[in-house]
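Q: Everything below, folded, please.
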Amino acid sequence: FSLAVRLAELGANVYGCARSRNFFDYGKEVALTDGVEQLREDRRYSGTAQEVASALGTNASTVAQSTFLKLDEKNSNGEQLYKMPQDYHPIYTGPFDVASGTFDNIHFDEVDVRSHAHIDSYVRKLRDTYQVKQIDYLVINAQTETSFVPVYGHRHVLEDISKQSPLSTEDLIKEYPNRTAGKFPSYQGIVREYQVGCKYFIAKLALAYGYDTFAQNTDITLTSSIAGALGSYHAMDVYSSMFGEYVNIKAEMAAFAKQMRTSAGLPLRINVAYPGVFMTNINFQWVCDAVNLGGNVCQHPRKVIKADWQSGSPRKNGKFFAPYTTTGAQAFTDAAWPTTTPSLAPGAEYASLQIMAMLRKNKALSGEHRMDVVVEGSPAQGSVAFFQMYFGAAAGEIAKHSIYQDFSKESSNPTYQFQVLGLPNPLVTEKTTRAARSWLLHAGKNNER
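A: Purely as a prediction, here's the structure:
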């Protein structure tokens, strides 16, 4: 969403889709408002019964009787605390103060990318209804969250698979219509998002626009957790650790797409943006899992929806109630990654700017000069324990750059070094990948839009 808005501000016509327009509509509503209140560091997620009652326009005794509002917390005076109403989703870190005319350049459609029929219809709409003659950039982000297997155990994963595997596409969509359905992500949903929403979608666009035309004009950027969800590092090919996602993202997606060529045809212009950990309500699952393993309680952001404060039931005109705010979510990240240096889970805006820098830079390059990029800003920058867990002695080389690093130099960038060491072939990775922030800094110094 953030990337779409920022590209539209530069005059691009943006066409986007998702299985539901709820998030797009909510993002648009918030983007048109003043974001100062959302980013205030003194915003609170909890208060006494009287404080919450004042915010809701009711009385303290009514709040005190609410099981939905009650938190398992007390203040320093021993008073029971309750959830404060929040105007914005606690993990929304997209744009604010956007001019309304910007959305004239954004065309959104509801498309469930798990369905071949939906993809077929959308490709026809792009070409015939919207009259899109050429696709300059194609950003695929089929992001189904993944999480740590130890949290639920292999038994629960197998039980989930046994229920989902026999489902047809139609039954699957009916059973799991949105990302809040189910205890954790649908196994079959992940498979279909990958096979249909990524691979099939690319193939259909290539056929619709003509392979060589598509290959010559369309820059494809793959960026998502789903890319790593089908790799060999994962239990039953679905649930992964963050490390597994990083290891497999390029091998699984880029390899397939780059093989889509004929002996006489042009290679696809395709690159991968390796994602760090960004505060969105989809990919924050593993952070909550890690926090919960430590004995704390982290309510998954995808379960936080507008609700009626009395019943807790979904309500379109309700408020958000969660045991954290946007700024408070940073504390959860810190708790998930015990480290002596600051960890960082930046917002979606930050990630979108880095991807934009990648899009612009790669567009002017061809062949071996085009680079995959590391979208920087994950806890990997500060987590010495994490480095030691996977890299042993190499941890020291990465960790010594964890503070005050010069992000214009790959050699002193811990996130970049993490990727180089973590991907299947470090030598190849080092030659074909660089840090997105380096390109972003270069663009800023040279006043490039």
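Q: so residue 189 touches residue 172, yeah?
A: Yes - between residue 189 and residue 172 there is a contact at 6.2 Å, judged by Cβ atoms under 8 Å. All C-beta atoms are positioned from the backbone trio N, CA, C, and that covers glycine.
Q: out of those two, which sits in the more crowded spot?
A: Set side by side, residue 189 and residue 172 show more neighbours around residue 189, with 26 against 22, by other Cβ atoms under 10 Å.
Q: in what helix or strand does that one lie?
A: helix 187-192 (DSSP states H and E).
Q: I'd like the next helix or strand past that helix.
A: helix 201-209.
Q: State the mean pLDDT of that next one.
A: Averaging pLDDT along helix 201-209 yields 93.
Q: list the helices and strands it packs on?
A: Applying 3 or more Cβ pairs under 8 Å, 6 or more residues apart in numbering; DSSP states H and E, one finds that helix 201-209 contacts helix 116-124, strand 137-140, helix 211-217.
Q: ok, 6 Å please
A: helix 116-124 (3 or more Cβ pairs under 6 Å, 6 or more residues apart in numbering; DSSP states H and E).
Q: just checking, what packs against the helix it packs on?
A: Secondary-structure packing of helix 116-124 (3+ Cβ pairs under 6 Å, 6+ apart): helix 201-209.
Q: buried sites along the helix it packs on?
A: Across helix 201-209, burial judged by 16 or more other Cβ atoms under 10 Å covers 201-206, 208-209.
Q: Kindly provide the distance from residue 11 to residue 214.
A: Noted for residue 11: a distance of 23 Å to residue 214, by Cβ to Cβ, to the nearest Å.
Q: out of these two, which sits in the busier spot?
A: More crowded of residue 11 and residue 214, by other Cβ under 10 Å: residue 214, with 23 against 9.
Q: pretty sure the more buried one is touching residue 207, no?
A: No - the criterion here is Cβ atoms under 6 Å, and residue 214 misses it with residue 207 at 8.5 Å.
Q: Can you redo the buried residues of helix 201-209 as TSV, where the extra columns are distance to residue 178?
A: TSV is the format used below for these (distance: Cβ to Cβ, whole Å):
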residue	distance to residue 178
201	20
202	24
203	26
204	24
205	25
206	30
208	28
209	31
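Q: ok, those residues vs residue 371, which is closest?
A: Nearest to residue 371, judged by Cβ to Cβ, of those is residue 202 at 20.1 Å.
Q: how much space between the nearest residue to residue 114 once chain neighbours are set aside and residue 93?
A: In space, and not counting its chain neighbours, residue 114 is closest to residue 192: 3.8 Å by Cβ to Cβ, 6 or more residues apart in numbering. In this structure, residue 192 and residue 93 are 28 Å apart, going by Cβ to Cβ.
Q: Kindly report the same for residue 75.
A: Distance, residue 75 to residue 93, using Cβ to Cβ: 28 Å.
Q: same deal with residue 57?
A: For residue 57, the distance to residue 93 - Cβ to Cβ - is 29 Å.
Q: Neighbour count for these two, which is higher?
A: Neighbour count, other Cβ under 10 Å: between residue 57 and residue 93, residue 93 has more, with 25 against 7.
Q: and the nearest residue in space to that one that is not next to it in sequence, how many residues sit next to it?
A: In this structure, residue 93 finds its nearest non-sequential neighbour in residue 347, 2.7 Å apart by Cβ to Cβ, 6+ apart. Residue 347 sits with 20 neighbouring residues when counted by other Cβ under 10 Å.
Q: For residue 347, what are phi and psi?
A: Backbone torsions of residue 347, given as degrees, to the nearest 10, read phi -80, psi 170.
Q: wait, doesn't residue 208 sit right on residue 127?
A: Yes - contact status for residue 208 versus residue 127: in contact at 5.5 Å, counting by Cβ under 6 Å.
Q: average pLDDT for stretch 46-56?
A: For stretch 46-56, the mean confidence score works out to 96.
Q: Just the CA trace of that stretch, in PDB.
A: What follows is stretch 46-56, C-alpha atoms only, in PDB (Å, rounded to 0.1, in the frame of the first residue of the first chain):
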ATOM      1  CA  SER A  46      -4.000   1.100  28.600                       C
ATOM      2  CA  GLY A  47      -5.600   3.200  31.300                       C
ATOM      3  CA  THR A  48      -7.600   2.900  34.500                       C
ATOM      4  CA  ALA A  49     -11.300   2.300  34.400                       C
ATOM      5  CA  GLN A  50     -12.000   6.000  34.700                       C
ATOM      6  CA  GLU A  51      -9.500   7.000  32.000                       C
ATOM      7  CA  VAL A  52     -10.900   4.500  29.600                       C
ATOM      8  CA  ALA A  53     -14.400   5.500  30.500                       C
ATOM      9  CA  SER A  54     -13.600   9.100  29.700                       C
ATOM     10  CA  ALA A  55     -12.200   8.100  26.300                       C
ATOM     11  CA  LEU A  56     -15.300   6.000  25.500                       C
END
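Q: What residues of that stretch count as buried?
A: Residues of stretch 46-56 classed as buried: 46-49, 51-53, 55-56 (neighbour count, 16+ other Cβ under 10 Å).
Q: could you list every residue that touches residue 71?
A: Contact partners of residue 71, counting by Cβ atoms under 6 Å, 6 or more residues apart in numbering, are 46, 81.
Q: so where does it fall, helix or strand?
A: Per DSSP H and E: strand 70-74 holds residue 71.
Q: on contacts alone, who are the packing partners of the following helix or strand past that strand?
A: With elements assigned by DSSP H and E, the helix or strand that comes after strand 70-74 is strand 80-83. When contacts are defined as 3+ Cβ pairs under 6 Å, 6+ apart, strand 80-83 packs onto strand 70-74.
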